[in-house]
Each structure stands twice: as structure tokens, then as C-alpha cells.
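Asker: Predicted structure and sequence below. I'll ask about it afterward.
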Amino acid sequence: MISYILVVAILILFFCVLYRLMSIGKKKKWNLPARALNEEERKILIDLVPFYKGLNNDEKKQFEFEIMEFLANCKITGVNTEIDATDKILIAASGIIPIFAFPEWKYYNLKEVLVYPKSFNRNFETSGKDRTILGMVGTGYMEGKMILSKNSLRHGFKNKTDKRNTAIHEFIHLIDKMDGEIDGVPNVLLENQYVLPWFDLIDKKIKEIASGKTNINPYAATSRVEFFSVLGEYFFEKPKFLKRKHPVLYDYLVEIFDQDMAERDLK
Ligand SMILES: [Zn+2]
């Protein structure tokens, strides 16, 4: 009897391990896009995404491929709002811009982006009180999902110099989360010896923000996590200005994202 139970237990364990291995294998695979970007979609990039315009021809091809690959693997769903090609392209571009230097990068931790018409509250309501949230990376039962407000997605690309872009902000949280923890340091991108100096620099800058001496969005002073995402927005939207005002911070971001953004022509 005991040996029978033991055999059953071993079999269950074996199938559990097999299932786990198969699901890990599945997680590490993204489908290839079924088609290339069409002219309408390319025009959206040309009209609205300065980062794309600053790329050379080969880089543009790579960017377009990664956009379509992203869209082939992450579902984009409108909640009480219609989603069109512009929304899809802008969301995918926001994901690709920060990791463009890492062609092997895939957002395995993202399955779906939910688009709300406007800002929402902690209960995901778009009417009523405390509707201050513009975007969010899901945790718990919302794991694998990101929520964006359509208004701020569009606004992030309309105003190209306000140092703000909600969708890029949320994708940087996802990059931060890739090592398992959202803590303000993307361990997958930053070598270990730089982590402590990076935290020291963040803490110093947060104090400067608190004293009102900088031009950094005060929301960055909320935590190291928010600091990293807010500075990422600044870095990708107004890099030359960031380099001039905060050169050390700028150098760290070049190291992390492996892109010298100030060298790119973002006009
Ligand atoms: Zn945030």
C-alpha cells in the first residue's frame, strides 16, 4: 500500500515538474509577427514618434519589426473605449524605445495592455472620486497586465518636450520588474557594481527635488521606483536638456539603457 502511494506521489511530482518546465519553455518564446508594418502604420510612426525619425534605415527596419513582434504577442484591449491603429502603434513604440539597444529583449512579463478612456482610480473606475492614475503595471490578479489611459498615451506623444510620457513610464516599471522586483534598479540591465552608487545618486537627487532646486518632475521624489521611471521619461523625451542639467544622472541612464539619447536627432 505504502509503495503504491509512493509511486503515485512520484508520478504526480514528475508531472508537476514536467508541466513547470513546459510552461517555462512557453514563457520564453514569442511568436514571429505574421506581417510587416503597413504604410498607414509607418505614417503614424513618422508623424508621432520622434525616436523613430532619428533612426537610420537599418535601425528603422529593426524598430518596425519589434513593433509588429510586440503586437503579435501582447493583446491590446480597449475598456469602454475604441482602440485604433494609432493607439496600438504608440503602445508598442513605448515598449520598444527603452529596450531598443537590446534586440533580444522580450516582455515575457506582459500579456495584455488594457486601455481606459481616461484617468482612473484604485478600483479601476473612470468616474467618481480619486481618479488620479494615468497608468499602472498590474500585480496580484492583474499580473501580466498593464493599464494605460488613452488620453495620457496620446498626450505623451503629442507634447514632445514636456519630459512626460505615461506609457514609457509604465514600460520602465516593467523593465525594472523583469528581475522579479520593482525597486528602482533594473538588475538585468545594470551591472552589480553600479547598483549601490545608483541608489546613492537617486537618494541625493530626491533630496534636491524635495528642496525645490531642480527641474525634475516632483513625482520622482515619491520613491526610488518612481524616480527611475520619471527619469526614464525625461531621458527619452528631452535627453540633451537632461545631459546639460544633470550630467552624472544622464551618464547612468546611458549605461542602463545602452543608448546615448542626446546623440539622436529627435526633431
Ligand atoms: Zn510609476
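Answerer: Good, I have the coordinates.
Asker: Residue 68 versus whichever residue of the stretch 1-150 of the chain sits closest to the ion, what's the distance?
Answerer: The stretch 1-150 of the chain approaches the ion most closely through residue 135 (7.3 Å), counting by CB to the ion. Quick note: C-beta positions are derived from backbone N, CA and C, even for glycine. Separation of residue 135 from residue 68 (CB to CB, to the nearest Å): 23 Å.
Asker: More neighbours: which of these two?
Answerer: Higher neighbour count among residue 135 and residue 68: residue 135, with 25 against 20, using other CB atoms under 10 Å.
Asker: so that one bridges to which residues?
Answerer: Beta-bridge pairing for residue 135 (DSSP bridges): residue 148.
Asker: surely it meets residue 145?
Answerer: No - applying CB atoms under 8 Å, one finds residue 135 not in contact with residue 145, separated by 11.6 Å.
Asker: coming back round to it: report pLDDT for the residue of the stretch 1-150 of the chain closest to the ion.
Answerer: Looking at residue 135, its pLDDT is 83.
Asker: Check the one 3 residues further on too.
Answerer: Residue-level confidence at residue 138 comes out at 79, pLDDT.
Asker: give me the number of residues near it?
Answerer: 16.
Asker: same thing with the one 4 residues further on?
Answerer: Number of residues near residue 142 (other CB under 10 Å) recorded here: 14.
Asker: Residue 212 too?
Answerer: Residues near residue 212, counting by other CB under 10 Å: 7.
Asker: what do you get for the one 3 residues further on?
Answerer: Residue 215: 12 surrounding residues under other CB under 10 Å.
Asker: Report the contact partners of it.
Answerer: residue 245 (CB atoms under 8 Å, 6 or more residues apart in numbering).
Asker: and if you look at residue 105?
Answerer: Residue 105 neighbours (CB under 8 Å, 6+ apart): residue 99.
Asker: Specify the local secondary structure of it.
Answerer: coil (DSSP: H, G, I helix; E, B strand; the rest coil).
Asker: Repeat that for residue 77.
Answerer: Secondary structure assignment for residue 77 (three-state DSSP): strand.
Asker: The closest residue to it other than its chain neighbours: what's it in contact with?
Answerer: Distances taken as CB to CB, 6 or more residues apart in numbering put residue 114 closest to residue 77, at 5.4 Å, once the chain neighbours are dropped. Applying CB under 8 Å, 6+ apart, we find residue 114 in contact with 77, 79, 145-148.
Asker: In those residues, find the pair that's most separated.
Answerer: 79 and 146 (12.3 Å; CB to CB).
Asker: More neighbours: those two, which one.
Answerer: residue 146 (27 against 14).
Asker: Could you verify that that one is part of a strand?
Answerer: Yes - per three-state DSSP, residue 146 lies within a strand segment.
Asker: Pull up the residues of this structure that are close to the ion.
Answerer: Counting by CB under 5 Å from the ion, the chain comes close to the ion at 226, 229.
Asker: Do a quick rundown of the strands in the chain.
Answerer: For the chain, strands defined by DSSP state E occupy the ranges 75-78, 112-116, 135-137, 145-149.
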